[in-house]
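Visitor: Sequence first, predicted model second:
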Amino acid sequence: MKSGDQFHALMRACLASVLLVGLIFLGSGFAVAQESPQLMDHTMCKGLNEKKEPVDRTDAFSTQDASAYSSIKIGPVYGSHKVDWNWYSPNRELYYSSTRTIDPLSKGPYYLDWDWASCLIFIKGQDAERLPGDWHVEVLVDGRLVATEKFSLISQSEKGSYTYTTLPEEKTTRDLIAEGNAFLGQGKYDEALQAYDNALQLDPRLADAWYDKGVVLNKQGKYDQAIAAYDEAIELNPEFAYAWCNKGDSLQKEGNYEDAIKAYDKAIELDPSDAYPLNNKGVVLSKQGKYEDAIEAFDQALGIDSNNEETLSNKRTAEAALAKKQPSTVEQPAIREAPTTQQGQVTEILEPVITRHAPLSQTINPSDQPQTISYQDKVKVILPGGLLKEPQTLTIAKVEGLPGRDMPFLQSGDQYEISLGDIHTFDKNVTIEMAYDPTLITEGVSPQDQLIVTSWNETRRRWERVEFEVDESKNTVIARTKHLSIWGAYYALWGLQPHYLYKQHASSVKTGMHRIGLLNFSWPILQ
């Protein structure tokens with residue numbers, strides 16, 4: 001091979017490597033912050049298939065069975081998380097403990113939105129065979145109890161009768177905490193508080209229950225009560241770093257920035273490997289106008305989690321404010337209910353400044369027929385018949401200022417905010433048509449392959465890809481959705497052709513969340 005050919009081959013290989021790394025981040029929803037995964041499914045079963053998914057689900061095992069599995073499905077998985085299983089025999093004594101780490105790259109070179117984790121005990125020929133009765137397994141993710149599985153291990157006599165002991169029906173403190181955590185994940189805050197209070201009535205020394213109660217109270221805006229709950233947890237466990245961090249969050253919500261920083265500093269001292277209190281400390285310093293100190297805190301956080309988009313965005317905001325010598329644009333504390341982190345922590349986010357251009361507002365009356373509303377020949381919103389029960393105001397505006405996907409091979413198109421009164425989700429699909437620029441489509445490449453349509457998830461504060469169709473005769477993309485937000489399109493440059501394989505996780509995907517499967521791609525420029 002000639003030296004020139006070798007050089008070009010090397011450059012093509014390097015470019016392919018750069019694009020591959022970028023696409024790995026793109027497949028994750030673009031550099032999202034690590035967060036504590038939510039429990040999506042859990043079960044006892046007798047085995048696993050080749051994909052490590054549970055088969056033969058049951059809560060009754062025989063002493064002649066080879067083994068019993070406890071399996072949980074958690075997501076999203078954007079970082080490493082520790083899962084612990086504690087198996088208890090009928091006499092309530094700890095029989096077996098096991099720990100495994102869930103890694104985001106465990107199934108290939110792409111971030112996953114979910115993962116199964118399982119643990120087993122052997123029954124036949126082991127001590128468990130001699131312990132028939134009612135067992136239970138406690139499953140913890142990052143030290144937080146997420147599920148308690150109860151199952152029966154049945155001993156069959158020669159006559160075919162079954163003999164086993166029965167656990168009392170009253171709930172344990174662990175049961176109540178797990179129940180409260182389930183309510184918390186569903187947004188049922190009053191029910192979660194009741195469960196935590198019931199656990200604390202049984203044992204007021206439960207630091208975890210006080211902590212979880214503080215998380216709920218903070219979400220309800222009862223910051224004084226949340227701080228008091230965190231103080232109870234800290235008194236019981238002075239080294240409870242998460243409690244110190246979340247106490248700082250509630251203090252800054254009240255505008256008590258000095259004490260918030262002290263709480264964050266204590267959390268940092270107790271757990272120097274946690275980026276969240278560093279990020280949140282940086283936000284408070286920004287609100288105080290101490291931009292240089294804030295940037296230093298953000299840099300320290302990025303030294304721990306270099307791909308945390310919230311921290312990267314916060315640092316850029318602080319640097320811009322420092323350059324302009326003006327106060328931060330944030331008027332209110334910006335803690336979101338999500339993204340939640342381990343033990344209910346939250347990552348503080350500095351709000352982007354969104355500019356809206358030429359908004360269109362139009363009153364839409366209920367109708368049994370579909371209604372189409374157009375905006376500057378760029379956007380069409382098609383409402384299905386029977387969607388509205390009363391008149392609502394439809395607003396469409398071109399927007400600027402949201403963080404984009406900082407990928408060198410992606411070019412952002414226009415973004416449009418679409419809202420319909422105070423309705424955010426629907427029971428029928430709303431159709432959104434957006435025009436694209438055909439001059440940005442590579443010759444010989446299908447627009448379907450080169451375009452990426454996204455919607456802005458305000459809760460998670462990131463762009464998320466959505467399924468779409470292309471009408472090449474009208475140069476439009478067509479998306480159907482049951483929620484409204486900010487919508488936009490991206491163009492893949494250099495002939496890059498992303499092909500998305502979407503997976504529908506029925507019953508486990510939260511409303512309004514788009515979960516994406518694997519990502520394939522090819523580079524005609526390199527061929």
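Guide: Okay, I see it.

Visitor: how is this protein carved up into domains?
Guide: Residue ranges of the domains in the chain are recorded as 38-169, 176-344, 355-526, according to automatic domain parsing.

Visitor: for those domains, which one ends up most surrounded?
Guide: A comparison of those by mean neighbour count, using mean count of other CB atoms under 10 Å, puts domain 176-344 on top with a mean of 20. C-beta coordinates here come from the backbone N, C-alpha and C atoms, glycine included.

Visitor: Chain neighbours aside, what residue packs nearest to residue 96?
Guide: Computed as CB to CB, 6 or more residues apart in numbering, the closest residue to residue 96 that is not its neighbour in sequence is residue 87, at 4.3 Å.

Visitor: ok but that neighbour is inside a helix, no?
Guide: No: using DSSP: H, G, I helix; E, B strand; the rest coil, the secondary structure at residue 87 is strand, not a helix.

Visitor: Okay, and the beta partners of it?
Guide: When assigned by DSSP bridges, residue 87 has beta-bridge partners residue 96, residue 137.

Visitor: ok, it touching residue 121?
Guide: Yes: with contacts counted by CB atoms under 8 Å, residue 87 reaches residue 121, the gap being 5.7 Å.

Visitor: shared neighbours, the two?
Guide: Shared contacts of residue 87 and residue 121, defined by CB atoms under 8 Å, 6 or more residues apart in numbering, comprise 95, 96.

Visitor: still on that earlier bit, give the full set of residues in contact with the residue nearest to residue 96.
Guide: With CB under 8 Å, 6+ apart, residue 87 has these contacts: 70, 94, 95, 96, 97, 121, 135, 137.

Visitor: Can you show me the CA trace of the stretch of helix or strand residue 212 belongs to as PDB?
Guide: Using DSSP states H and E, residue 212 falls within helix 207-219. Output in PDB follows, covering the C-alpha atoms of helix 207-219 (Å, rounded to 0.1, in the frame of the first residue of the first chain):
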ATOM      1  CA  ALA A 207     -32.500   6.600  59.800                       C
ATOM      2  CA  ASP A 208     -33.600   5.400  56.300                       C
ATOM      3  CA  ALA A 209     -37.300   6.000  57.100                       C
ATOM      4  CA  TRP A 210     -36.600   9.600  58.400                       C
ATOM      5  CA  TYR A 211     -34.500  10.200  55.300                       C
ATOM      6  CA  ASP A 212     -37.200   8.900  52.900                       C
ATOM      7  CA  LYS A 213     -39.800  11.000  54.700                       C
ATOM      8  CA  GLY A 214     -37.600  14.100  54.200                       C
ATOM      9  CA  VAL A 215     -37.400  13.300  50.400                       C
ATOM     10  CA  VAL A 216     -41.200  13.200  50.200                       C
ATOM     11  CA  LEU A 217     -41.600  16.400  52.200                       C
ATOM     12  CA  ASN A 218     -39.100  18.200  50.000                       C
ATOM     13  CA  LYS A 219     -41.100  17.200  46.900                       C
END
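
Visitor: Ends of stretch 57-65, what's the gap?
Guide: Taking CA to CA, to the nearest Å, the span from the opening residue of stretch 57-65 to its closing residue is 13 Å.

Visitor: Revised request: answer the last question for stretch 119-135.
Guide: Using CA to CA, first and last residues of stretch 119-135 are 15 Å apart.

Visitor: Show me which helix or strand of this structure is least confident by mean pLDDT.
Guide: For the chain, scoring each helix and strand by mean pLDDT, DSSP states H and E identifies strand 516-522 as the least confident one, at a mean of 27.

Visitor: quick one: strands adjacent to the lengthiest strand in the chain?
Guide: As assigned by DSSP state E, the longest strand anywhere in the chain is strand 144-156. Paired strands of strand 144-156, with direction, are strand 60-62 (parallel), strand 133-141 (antiparallel), strand 162-163 (antiparallel) (DSSP bridges).
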